[in-house]
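Engineer: prediction below, plus the sequence it came from.
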Amino acid sequence: MAYTLQQLSDIEDIKLLKHRYFRGMDTAEWALVDTLFTDDVTVDYRGGGYRVQSSGKADLMLFLKNSFHSDAVAMHHGNMPEITLTGDDEAEGIWYLYDIFVDKARGSQTVGSAIYRDRYRREGGQWKIAHSEYGRIIELVSTLPADTHVTVQWLATRGLKPEERQDITHLISFGDGHG
Amino acid sequence: MAYTLQQLSDIEDIKLLKHRYFRGMDTAEWALVDTLFTDDVTVDYRGGGYRVQSSGKADLMLFLKNSFHSDAVAMHHGNMPEITLTGDDEAEGIWYLYDIFVDKARGSQTVGSAIYRDRYRREGGQWKIAHSEYGRIIELVSTLPADTHVTVQWLATRGLKPEERQDITHLISFGDGHG
Amino acid sequence: MAYTLQQLSDIEDIKLLKHRYFRGMDTAEWALVDTLFTDDVTVDYRGGGYRVQSSGKADLMLFLKNSFHSDAVAMHHGNMPEITLTGDDEAEGIWYLYDIFVDKARGSQTVGSAIYRDRYRREGGQWKIAHSEYGRIIELVSTLPADTHVTVQWLATRGLKPEERQDITHLISFGDGHG
């Protein structure tokens, strides 16, 4: 069995969509990121000590802008996509994340992996993320070693400064057991 | 020159095959992993202090289940595939691995990279891994720092407990010089 | 809208081109790497304390051979490609890098990410890298911890020995502010 040209094109375009999501998030290109979600996008991100649940694009953008702030040293590499077309304008995707996140203000460092399970919908000819969830596979948290020098931090000047940030605690449940 | 639709489909399916291998291994989804190999699969994995050689699916599954055990904090990201179709039902692949492996019982941490060279065979319409070998490019081994907290470890509850594990030393040669 | 078979083939071939670049660089397969660039290739690599600018394949090969030397423990994973075909024989690509670089002689360790923006040109039926630039997103520099053992280092025997190396300082500007 072979895919059709349309199916292979859709798979490539959905990969591009998610690649832009990861790049846009780590570089705070919010105008780009805003184009990647459906208006009714839902997320459920489960980490070691947190669970993020949101509904609607406005809340998701609020969460992202206030998480990738000026103290964040962030890298999110989503690799090894498994895209399944489930309808003419619907698809599902599995991705395997590797991420590094340093919070300079807290002096903490998190290294981890996660499996994403997404749903995509084509709207007006564009594939968009309609639902995204992940569960952590590994997560290691430590103090940033004293002799580690952050020599480049893109978000330092592009991320929200402390006085610009908004409260997002209503989107997050803290505590263990979400992994 | 362009690929045919069948060739592009085969390349995509072989990528999916290997993506499932890495995901299934790190998450101990052995029912999934078992479907990814030919019955006569052979492997040759050469690390800094070990060489794993096995022949047949039973031995490979034995090795994997007893390596991704309940003390393992494991992440294997196989990236940058170079797939070459060598026949209607045969193909070869090169992949570039990045992996993290912590053994909580030993308190050791390994970070490394490797180049995989695989052979694939289509059986009953499904692409399967018929041969897989890797050689390490870099490997760094250290003690897990005392202040590193493993806040999520998927395999803790899904991996084999010490009393459930079987001997796999007949599949492994220990010693330097395998890198 | 669907891609044509030729377009999908070109996208796959351009991914292969860049995958070989990363693999060839980290393994010092210079005969392979030499085939991947146009003769007039230009680069502009901006890191935390350096900027590399070169023009022409000879200078780029000189830079690479003398950077991936026998003291280098190097891993460069270029992931999440965004390829755009801009003409029959021209294309652009965005890649998201994760890299580890240890200099054993200096005892230093760099972990970082970067966004590549490339241009590709097809010459004699082969896609080649005509321009490549990157800017760092994160970069963390530290002393290699005393208890970290480099148990495999491919470049130790394949990379240029100190007495074989050539001067490349004319290709590099040192100093902050290039991130």
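Structural biologist: Okay, I see it. Residues are numbered from 1 along each chain as shown, chains lettered A, B, ... in the order given.
Engineer: which ones are touching residue A:62?
Structural biologist: A:166, A:168, A:171 (C-beta atoms under 8 Å, 6 or more residues apart in numbering or on different chains). The way it works is simple: take the backbone N, C-alpha and C, and place the C-beta from them, glycine included.
Engineer: any idea of the mean pLDDT for the helix or strand where it lies?
Structural biologist: Secondary structure assignment for residue A:62, by DSSP states H and E: helix A:57-67. Averaging pLDDT along helix A:57-67 yields 98.
Engineer: C-terminal to it, what's the next element?
Structural biologist: strand A:72-87.
Engineer: tell me the one of the contacts of residue A:62 nearest chain C?
Structural biologist: residue A:168 (22.1 Å; C-beta to the nearest C-beta).
Engineer: separation between the closest residue to that closest one other than its chain neighbours and residue C:168?
Structural biologist: By the measure of C-beta to C-beta, 6 or more residues apart in numbering or on different chains, the closest residue to residue A:168 outside its immediate chain neighbours is residue A:66, 4.7 Å from it. Using C-beta to C-beta, to the nearest Å, one obtains 43 Å as the distance from residue A:66 to residue C:168.
Engineer: thinking again about what came up before, can you turn the buried part of the contacts of residue A:62 into a PyMOL selection?
Structural biologist: With 16 or more other C-beta atoms under 10 Å in any protein chain shown as the criterion, this PyMOL line picks the buried residues out of the contacts of residue A:62:
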select buried, chain A and resi 168+171
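Engineer: among the contacts of residue A:62, which are located in helices?
Structural biologist: Residues of the contacts of residue A:62 located in helices (DSSP state H): none.
Engineer: now do the contacts for residue A:88.
Structural biologist: residue A:122 are the contacts of residue A:88 under C-beta under 8 Å, 6+ apart.
Engineer: in chain A, which strand has the most residues?
Structural biologist: As assigned by DSSP state E, the longest strand anywhere in chain A is strand A:126-143.
Engineer: next, the buried residues of that strand.
Structural biologist: Within strand A:126-143, the residues that qualify as buried are A:127-142, counting by 16+ other C-beta under 10 Å.
Engineer: likewise for stretch A:56-68?
Structural biologist: Neighbour-count burial for stretch A:56-68 [16+ other C-beta under 10 Å]: A:57, A:59, A:60, A:61, A:62, A:63, A:64, A:65, A:66, A:67, A:68.
Engineer: and the angle for the stretch of helix or strand residue A:14 belongs to with strand C:72-87?
Structural biologist: Per DSSP H and E, residue A:14 falls inside helix A:5-26. Interaxial angle, helix A:5-26 versus strand C:72-87 (axes from the mean of the first three to the mean of the last three C-alpha atoms, to 10 degrees): 130 degrees.
Engineer: after helix A:5-26, which helix or strand is next?
Structural biologist: helix A:30-34.
Engineer: just give me the residue closest to the centre of chain A.
Structural biologist: residue A:22 (6.0 Å; C-alpha atoms, centre = their mean).
Engineer: contacts only, for it.
Structural biologist: A:76, A:77, A:78, C:80, C:96.
Engineer: so in terms of bridging, what pairs with the last one?
Structural biologist: Beta bridges link residue C:96 to residue C:79, residue C:115 when assigned by DSSP bridges.
Engineer: how about the residues of chain A near chain C?
Structural biologist: A:5-6, A:8-9, A:12, A:16, A:18-20, A:22-23, A:26-27, A:73-75, A:77-79, A:98, A:100, A:102, A:125, A:145, A:147-154 (C-beta under 8 Å from any C-beta of the partner chain).
Engineer: in chain A, what helix or strand scores lowest on average pLDDT?
Structural biologist: strand A:172-174 (a mean of 94; mean pLDDT, DSSP states H and E).
Engineer: that one and chain B in contact?
Structural biologist: No: using C-beta under 8 Å from any C-beta, strand A:172-174 never reaches chain B; the gap is at least 12.4 Å.
Engineer: for that strand, which outside residues touch it?
Structural biologist: A:49, A:50, A:51, A:52, A:53.
Engineer: quick check: the first one touching residue A:112?
Structural biologist: Going back to what we said before, that points to residue A:49. No: assessed by C-beta atoms under 8 Å, residue A:49 is found out of contact with residue A:112, at 11.4 Å.
Engineer: of the two, who's got more company?
Structural biologist: Using other C-beta atoms under 10 Å in any protein chain shown as the criterion, residue A:49 and residue A:112 rank with residue A:112 on top: 24 against 18.
Engineer: where does that one sit: helix, strand or coil?
Structural biologist: strand (DSSP: H, G, I helix; E, B strand; the rest coil).
Engineer: quick one: it from residue A:99, how far?
Structural biologist: 6 Å.
Engineer: hmm, back to that, in strands only, show me the contacts of strand A:172-174.
Structural biologist: Those of these lying in strands (DSSP E): A:50, A:51, A:52, A:53.
Engineer: tell me the least confident of those residues?
Structural biologist: Among the ones in strands among the contacts of strand A:172-174, residue A:50 has the lowest pLDDT, at 93.
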